[in-house]
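Participant: How does the following fold in three dimensions:
(one chain, ligands or ions: 2)
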Amino acid sequence: MEDHHIETLPTDIRNLIDRQSDHFTSTTRAAVGDPRDWPEHGLAWLCLEHFQFSRRNPSFLQQAANNTRALTPNGISDELERNYEEEKTHAEIYRRALGDIGIDVAARVEFAPTTMFLDKINQLVEGDPFGTLGAMYATETAAIFEHQVFRDISVELIARRNAGDRGKRLVRFHDMHLEGVEQAHKDNLGVFLRPSELPDSDRGFNGAMVNEGASRAISAMTEWWAELLKARVSG
Ligand SMILES: [Fe+2]
Ligand SMILES: [Fe+2]
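Facilitator: Ligands and ions are numbered 1, 2, ... in the order given. Modelled structure (predicted):
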């Protein structure tokens, strides 16, 4: 993966990244399996770890917006800033929604692979700006998959805990993202991955670096999920 994609880099970077994302999400979804086969504490624990990304995501977006300000095509930074404005209140909604069904995010014990994963994304939003663009496109793409997976997990947890109406805010939180919010984040960044279609194109657009940033973000997510699933097996 590391060295063949440079020579064979197609002009359609977006399609190349989407294929890597599809591979990550389909294999991870299969590995998670049916939430009904999970112990209740394992499902609750996954939610706590997912919350960590939700908590950090606004700072990643803000850093990414700062880091991409000088890029052409123009508008990348503005889109990331808009995304930040939209996401900045979400962790608080998520925290309360989890609390409604008895999951206390303050009671979490640090899980080192989650810390490492967040560090890797942090490096990408502080590194080469074209790499930042690719990384953010990849994480916005993965957000759709994550909200689907965590909606299913939440529905199962609510049933196991007989939480009924108390779980409505949590399901609503995931539905809100799936009703177009995350698709728009992906698509609105995606236009910048086809610079030839933009008016201020061909001024140093580094497609190889965009792809590199996306690949590194997808690898980081793949490794994180592998550790989450390994922790389930070891109890
Ligand atoms: Fe959000
Ligand atoms: Fe998003």
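Participant: my guess is residue 108 meets residue 48, correct?
Facilitator: Yes - between residue 108 and residue 48 there is a contact under Cβ atoms under 8 Å: 4.6 Å. Just so you know, the C-beta spots here come from the backbone N, C-alpha and C atoms, and that holds for glycine as well.
Participant: How many residues are close by the residue of the chain found nearest ligand 2?
Facilitator: Per Cβ to the ion, residue 185 is where the chain lies closest to ligand 2, at 3.7 Å. Residues near residue 185, counting by other Cβ atoms under 10 Å, number 25.
Participant: which residue sits closest to it, ignoring its sequence neighbours?
Facilitator: Nearest in space to residue 185, with sequence neighbours left out and distances taken as Cβ to Cβ, 6 or more residues apart in numbering, is residue 140 at 4.2 Å.
Participant: Need the pLDDT of that neighbour.
Facilitator: Note for residue 140: predicted pLDDT of 96.
Participant: Could you list every helix and strand in contact with the helix or strand that contains it?
Facilitator: Using DSSP states H and E, residue 140 sits within helix 129-160. The helices and strands touching helix 129-160, judged by 3 or more Cβ pairs under 8 Å, 6 or more residues apart in numbering; DSSP states H and E, are helix 13-32, helix 40-67, helix 76-87, helix 112-126, helix 168-176, helix 182-190, helix 207-233.
Participant: And the residue nearest to residue 186 when sequence neighbours are not counted, how far from residue 17?
Facilitator: Closest residue in space to residue 186, ignoring its immediate chain neighbours: residue 140 at 4.6 Å, by Cβ to Cβ, 6+ apart. When distance is defined by Cβ to Cβ, to the nearest Å, residue 140 is 11 Å away from residue 17.
Participant: Name the residues of this protein found near ligand 2, please.
Facilitator: 140, 143, 182, 185 (Cβ under 5 Å from the ion).
Participant: what sits against the residue nearest the centre of the chain?
Facilitator: Residue closest to the average C-alpha location in the chain (Cα atoms, centre = their mean): residue 139, at 3.6 Å. By Cβ atoms under 8 Å, 6 or more residues apart in numbering, residue 139 lies in contact with 57, 60, 121, 217, 221.
Participant: Give me the nearest residue to the second one, chain neighbours excluded.
Facilitator: In this case it means residue 60. Closest residue to residue 60 apart from its sequence neighbours, by Cβ to Cβ, 6+ apart: residue 125 at 5.0 Å.
Participant: same deal with the last one?
Facilitator: Of all residues beyond its chain neighbours, the one nearest residue 221 is residue 142 (5.6 Å), with distances taken as Cβ to Cβ, 6+ apart.
Participant: Distance check, that neighbour against ligand 1.
Facilitator: 13 Å (Cβ to the ion, to the nearest Å).
Participant: dump the residue contacts of that residue.
Facilitator: 21, 24-25, 218, 221 are the contacts of residue 142 under Cβ under 8 Å, 6+ apart.
Participant: Including pLDDT, could those residues go into CSV?
Facilitator: Converted to CSV, the contacts of residue 142 look like this (pLDDT from 0 to 100):
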residue, pLDDT
21, 98
24, 98
25, 98
218, 98
221, 98
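Participant: now, among these, which is nearest to residue 117?
Facilitator: When the contacts of residue 142 are ranked by distance to residue 117 (Cβ to Cβ), residue 221 comes first, at 7.3 Å.
Participant: Measure how buried the closest one is and give me the count.
Facilitator: For residue 221, the neighbour count with other Cβ under 10 Å is 24.
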